[in-house]
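Asker: curious how this folds, go ahead:
(chains A and B)
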Amino acid sequence: AQSVTQLDSQVPVFEEAPVELRCNYSSSVSVYLFWYVQYPNQGLQLLLKYLSGSTLVESINGFEAEFNKSQTSFHLRKPSVHISDTAEYFCAVSGPSGGSNYKLTFGKGTLLTVNP
Amino acid sequence: GAGVSQSPRYKVAKRGQDVALRCDPISGHVSLFWYQQALGQGPEFLTYFQNEAQLDKSGLPSDRFFAERPEGSVSTLKIQRTQQEDSAVYLCASSLAGRGFHVSPLHFGNGTRLTVT
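Answerer: Sure thing, here's the model as predicted:
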């Protein structure tokens, strides 16, 4: 079975400060990793994903995440946040190709609040 | 439509009532999923359809929960004899892919918030 742990339920930061949202997973097999974002009153949107290859993946709005197999982590970072980044962020994992790879297992989410 | 549409947006039910939640996926999307998100938790998988076939219903919490997608487009999640523990946001998602979901992204609706009193 797979599980995802998001270590911080809330992260308040000031605008233009760096931020790191932590995510650890457990799985007995190789996995695909995802970060989803949920802005207020909106549905979940895919922010970025790791499938294979380069362990550093980036989103179009300046977020990046690094897959660390030895530490089973997939932390999300941004060097300088904006007010508009205020949202809830969910880390998720799915199994490898074949089997039930259609199922996403989510963490409990981290509420990022960016203050002026 | 432009995105996944869910209705109603909010639903209040008295304990014991039956409810039906509707999901309109993006046109042409083969795969459809239902997730349940309790307060303060991440979404949890309920069931998965590929076209009209329900390929996985292992996440449905009890036999009071039933989902269908008879024509391979619109889906309905029905909950019979609602209980307080059923209170949650129910999310629907669709994907163009019939497999290889890690490549084809999931598109989520805004969810239906069900409150059972």
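
Asker: stretch B:105-116: end-to-end distance?
Answerer: Stretch B:105-116 stretches 32 Å from its first residue to its last (Cα to Cα, to the nearest Å).

Asker: would you check how far apart B:Q80 and B:D18 are?
Answerer: Between B:Q80 and B:D18 the distance is 5 Å, computed by Cβ to Cβ, to the nearest Å. C-betas here are computed from N, CA, C, even on glycine.

Asker: how about the helix or strand hosting B:T76: buried residues?
Answerer: Taking DSSP states H and E as the criterion, B:T76 maps to strand B:75-79. By neighbour count, with 16 or more other Cβ atoms under 10 Å in any protein chain shown as the criterion, the buried positions of strand B:75-79 are B:S75, B:L77, B:I79.

Asker: give me the neighbour count for the closest residue to the first one other than its chain neighbours.
Answerer: Read that as B:S75. Nearest non-adjacent residue to B:S75, counting by Cβ to Cβ, 6 or more residues apart in numbering or on different chains: B:R69, 4.1 Å away. If you count neighbours by other Cβ atoms under 10 Å in any protein chain shown, B:R69 ends up with 21.

Asker: list the contacts for B:R69?
Answerer: B:L32, B:F49, B:N51, B:E52, B:Q54, B:S75, B:T76 (Cβ atoms under 8 Å, 6 or more residues apart in numbering or on different chains).

Asker: out of those, which is most surrounded?
Answerer: That'd be B:L32 among the contacts of B:R69, by other Cβ under 10 Å, with 27 neighbours.

Asker: give me the pLDDT for the closest residue in space to A:L21 that isn't next to it in sequence.
Answerer: Excluding its sequence neighbours, the residue lying closest to A:L21 (Cβ to Cβ, 6+ apart) is A:L76, at 4.3 Å. At A:L76 the predicted local confidence, pLDDT, stands at 97.

Asker: can you pull the contacts of A:L76?
Answerer: Neighbour list for A:L76: A:E20, A:L21, A:C23, A:W35, A:L47, A:L48, A:F63, A:E64, A:A65, A:Y89, A:C91 [criterion: Cβ under 8 Å, 6+ apart].

Asker: let's see it at 6 Å
Answerer: Shown in contact with A:L76 (Cβ atoms under 6 Å, 6 or more residues apart in numbering or on different chains): A:L21, A:W35, A:F63, A:A65.

Asker: now the residues you listed in CSV, with neighbour count and secondary structure?
Answerer: Formatted as CSV, the contacts of A:L76 follow (neighbours: other Cβ atoms under 10 Å in any protein chain shown; DSSP: H, G, I helix; E, B strand; the rest coil):
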residue, neighbour count, secondary structure
A:L21, 24, strand
A:W35, 26, strand
A:F63, 21, coil
A:A65, 27, strand
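
Asker: closest to chain B among the residues you listed?
Answerer: A:W35 (12.0 Å; Cβ to the nearest Cβ).

Asker: quick check: beta-bridge partners of that closest one?
Answerer: For A:W35, the beta-bridge partners are A:L48, A:C91 (DSSP bridges).
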